[in-house]
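1. Got a sequence here, can you build the structure:
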Amino acid sequence: MSTPSSHYDAVIIGAGMSGLAAAVRLSMYGQKVLLLERHNAAGGLNSFYARGARKYDVGLHALTNWVPEGAKGAPLVKLMRQLRIRREELDLCPQLGSQVTMAGKNLRINNNFNDLVADVAVEFPQHVDRFRALDDMLSSMDETALEASGGSARALLDERLGNSLLRDMLLLPTCFYGSAIENDIEISQFAVMWRSLFKEGFARPFIGVRQVVRLLLDRCREHHVERRMKCGVKRMIVKAGSVAALELDDGTEVTAGRVYSSAGAVETQRLRSDVEPAASASAIGRLGYAETIATYRAEDFAKFGWSDTIIFFCDAEKFSYQSPEGLVDPSSGVICIPNNYQYGEGRQLDEGWLRVTALANHDAWCSLPEAEYLAQKQEWFGRLNKVARRHLPSVADTQHDAALTSTDVFTPRTVRKFTGHLNGAIYGSPVKRRDGRTDLNNLFIIGTDQGFLGVTGAMLSGISMANLHGLKN
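-> Purely as a prediction, here's the structure:
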């Protein structure tokens, strides 16, 4: 790690995936970079934590945009090239197979788009030609273009498909894996998810998100990025249309030619000395999640017969993607079983894992007294676990409970505490800044509120904004 200095070519706020990637990219070209992180662990929304010897992933269900070796032009390939990461370093293991299930119909998402088309032909035979035409249209878009236009994906699907159930089954995974907009997703972001989920697919490093975080931290050390953990930005001093200095949590002050913030657009605005503390309240995202995590004895888990990697489910007649009135909306969500990737001969996870994600209400969770908060976490662990098991091969309660080795739950309150995202909004503000620019000439937005999606997208966000605003002549 380099010797501390007071002036840097670039200061990066937040050591999440986008911040780490931006730091690596800029430092590769000899720039002096300071990376600031308020917490003691890197990774941001996609990190991990330990309870005893057990490591829990947060955020990462799958690394999207998986393509087989030799594929050209894919986002994952671009990412590896830009950060000089070898494919074997990521240790990516493709999924066994995922699905979307709703109203008795099932669509496969298994890294083979032709299987999805075949399922649409079976479940929606009168609409498969329109589905193919939609694919042609979306595949012709440059979904990563910084000048990409907006618009409603829901309206587009209604127009192009003419079937509300098929529309909802396509919105279900794309919204849960990337939308900050209630009951919709913006068209260019839908095109990103179309490619990353349906056309390419899912994979997972054998040890989970730790593999990606470690790689990026190794690259930071290799290129002499200065990192300060447990030290965030208290205030950005603004003068003459620029960030003139940054006051840090530890009482020190630094200056920078450019500042890249992954804290979120509204959260970043509120750090400015020239902005009111409650500025931009209307732009704060409302969509938060609760997630339950269960682990099981490996030998018992193997007998459950749970073979899906990820299941996107909706048990209601219509898919509703909005902040619920109560603590959690269990009518739709995501079931993830990290064991079900192709890890290869002789490699299996030490325990069985079941993760269940559903929409949750930030304000409702945060209003609970501590004892009630803890009680409701346990209550919702049981309820969401049972919801998930309805979509999996049946296992007797006694067999399930005897195999259970640990449980945990995180809520929007957890997300807000460890990421700083207002409202615990996983995908940040519904207003994205594709070019990363702000009204200050040396302050740029990266990460969630820049607009690229998923773990791969977050890293590409940091890379793209570093290239555009830090390396482009």
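2. low-confidence ranges in the stretch 1-150 of the chain?
-> 1-5, 143-149 (pLDDT under 70).
3. Which parts of it are helices?
-> Assigned by DSSP state H, counting those that start in this stretch, the stretch 1-150 of the chain shows helices spanning 17-27, 75-83, 87-90, 113-123, 128-139.
4. so what's the closest residue to Glu37 other than its chain neighbours up against?
-> Of all residues not flanking Glu37 in the chain, Ala15 sits nearest, at 3.7 Å (CB to CB, 6 or more residues apart in numbering). For every residue, glycine as well, the C-beta is placed using N, CA and C. Applying CB atoms under 8 Å, 6 or more residues apart in numbering to Ala15 gives the contacts Ala23, Leu35, Leu36, Glu37, Ala42, Gly43, Gly44, Arg227, Met229.
5. Pretty sure the third one sits against Gly232.
-> When you say that, I think you mean Leu36. Yes - shown here, Leu36 and Gly232 form a contact pair, counting by CB atoms under 8 Å, at 5.9 Å.
6. joint contacts of these two?
-> With CB under 8 Å, 6+ apart, Leu36 and Gly232 have common neighbours Ile13, Leu248.
7. Closest one of the contacts of Ala15 to Val11?
-> Leu36 (6.7 Å; CB to CB).
8. Report the beta-bridge partner residues of that closest one.
-> When bridges are called by DSSP bridges, Leu36 pairs up with Ile13, Arg228.
9. count of neighbours near it?
-> 26 (other CB atoms under 10 Å).
10. How about Glu226?
-> Counted with other CB under 10 Å, Glu226 comes out at 20.
11. Test my guess that it contacts Leu35.
-> Yes - taking contacts as CB under 8 Å, Glu226 lies within contact range of Leu35: 6.9 Å.
12. Pull up the overlap in contacts between the two.
-> With CB under 8 Å, 6+ apart as the test, Glu226 and Leu35 reach no residue in common.
13. How much space separates Leu349 from Ala375?
-> Leu349 sits 30 Å away from Ala375, going by CB to CB, to the nearest Å.
14. what does Tyr49 give?
-> Tyr49 is 22 Å from Ala375, where distance means CB to CB.
15. same question, Ala316
-> The value you get for Ala316 to Ala375, if CB to CB is used, is 27 Å.
16. So what would you say the end-to-end distance of stretch 151-171 is?
-> One end of stretch 151-171 sits 14 Å from the other (CA to CA, to the nearest Å).
17. Against which helices or strands is the helix or strand where Gln378 lies packed?
-> Using DSSP states H and E, Gln378 maps to helix 370-389. In terms of contacts (3 or more CB pairs under 8 Å, 6 or more residues apart in numbering; DSSP states H and E), helix 370-389 is packed against strand 288-297, strand 328-336, strand 351-360, strand 404-410.
18. Quick check: can you list the domain ranges of this structure?
-> Following the assignment in automatic domain parsing, the chain carries domains at 7-60+209-283+429-471, 96-200, 286-418.
19. Now the terminal residues of the second one, how far apart.
-> When the termini of domain 96-200 are compared using CA to CA, they are 14 Å apart.
20. Kindly report the same for stretch 415-428.
-> 11 Å.
21. ok now that stretch, how far from the chain's centre?
-> Centroid separation for stretch 415-428 versus its chain: 12 Å, with CA atoms, centre = their mean, to the nearest Å.
22. oh, and call the first residue 5 from now on, that's how I've got it
-> OK, 5 is where the count begins now, so the last one is stretch 419-432.
23. List the buried residues of that stretch.
-> 419-420, 422-432 (16 or more other CB atoms under 10 Å).
24. Could you identify which of the helices of the stretch 5-154 of the chain is most buried?
-> Among these, helix 21-31 has the highest mean neighbour count (mean count of other CB atoms under 10 Å), at a mean of 29.
25. Could you check the angle that one makes with helix 79-87?
-> Orientation check (axes from the mean of the first three to the mean of the last three CA atoms, to 10 degrees): helix 21-31 against helix 79-87 gives 40 degrees.
26. Run through the neighbouring helices and strands of helix 21-31.
-> Here helix 21-31 touches strand 11-17, strand 37-41, helix 79-87, helix 213-226, helix 458-470, going by 3+ CB pairs under 8 Å, 6+ apart.
27. Spatially nearest residue to Tyr33, not counting backbone neighbours?
-> Nearest non-adjacent residue to Tyr33, counting by CB to CB, 6+ apart: Leu475, 5.9 Å away.
28. State the distance from that neighbour to Val28.
-> Distance, Leu475 to Val28, using CB to CB: 12 Å.
29. So for those two, which residues contact both of them?
-> With contacts taken as CB under 8 Å, 6+ apart, Leu475 and Val28 have no neighbour in common.
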